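Colleague: need coordinates for the following:
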Amino acid sequence: SFQRRTIKLKIYCDTNIYLDFFLQRKDYLRPLDEFAYQIFRRVGEGEFTLIISDHLLNELENNMDDESKITELLDPLNKKGKIIKITKTREDVLKAKEISQEHWKDALHAILANKAKAVYLLTRNIKDYAGCEHLVEIKFPESI
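Modeller: Below you'll find the model as predicted:
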């Protein structure tokens, strides 16, 4: 019998999606943490492959008091083979600064997402990714 292998959509979540989840953030009306949770749940269920980068992990560590939460989320997904890890190069950083002096750290996420062949980069700050549209499709987590 011929088995069809489904190729999982690769997604990259920028730092604020993780922070929504870890810090249980809400905005005026919406449960941002719930949107983030749904994405990670869908990764766990095999709908998506999650791309993470050293750049992302550095930003998370700089923004969180309790780094064990990062491990708690990512370790089980990693053990199930749901994560692809990518590492930035000096060239990636320089390219990011060419795209945007002000938001080069966001541009770097987009470059890394592109390098790992992500279909979507998920963020809350779409405007900070101006100039990155050619690299990856940028969306809110609740839009996919």
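Colleague: verify the stated contact: Lys95 with Ile111.
Modeller: Yes: judged on C-beta atoms under 8 Å, Lys95 makes contact with Ile111 at a distance of 5.7 Å. All C-beta spots, glycine's among them, are computed from the backbone N, C-alpha and C.
Colleague: between the two, which one's more packed in?
Modeller: Taking neighbours as other C-beta atoms under 10 Å, Lys95 and Ile111 compare with Ile111 leading, 25 against 16.
Colleague: export the host helix or strand of that one to PDB, keeping only CA atoms.
Modeller: Assessed by DSSP states H and E, Ile111 sits inside helix 104-115. Provided in PDB are the C-alpha atoms of helix 104-115 (Å, rounded to 0.1, in the frame of the first residue of the first chain):
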ATOM      1  CA  TRP A 104      17.000  44.500  12.600                       C
ATOM      2  CA  LYS A 105      16.300  42.000  15.400                       C
ATOM      3  CA  ASP A 106      12.900  41.300  13.800                       C
ATOM      4  CA  ALA A 107      14.400  41.200  10.300                       C
ATOM      5  CA  LEU A 108      16.900  38.600  11.700                       C
ATOM      6  CA  HIS A 109      13.900  36.400  12.700                       C
ATOM      7  CA  ALA A 110      12.500  36.700   9.200                       C
ATOM      8  CA  ILE A 111      15.900  35.900   7.600                       C
ATOM      9  CA  LEU A 112      16.200  32.800   9.800                       C
ATOM     10  CA  ALA A 113      12.700  31.700   9.100                       C
ATOM     11  CA  ASN A 114      13.400  32.000   5.400                       C
ATOM     12  CA  LYS A 115      16.700  30.100   5.800                       C
END
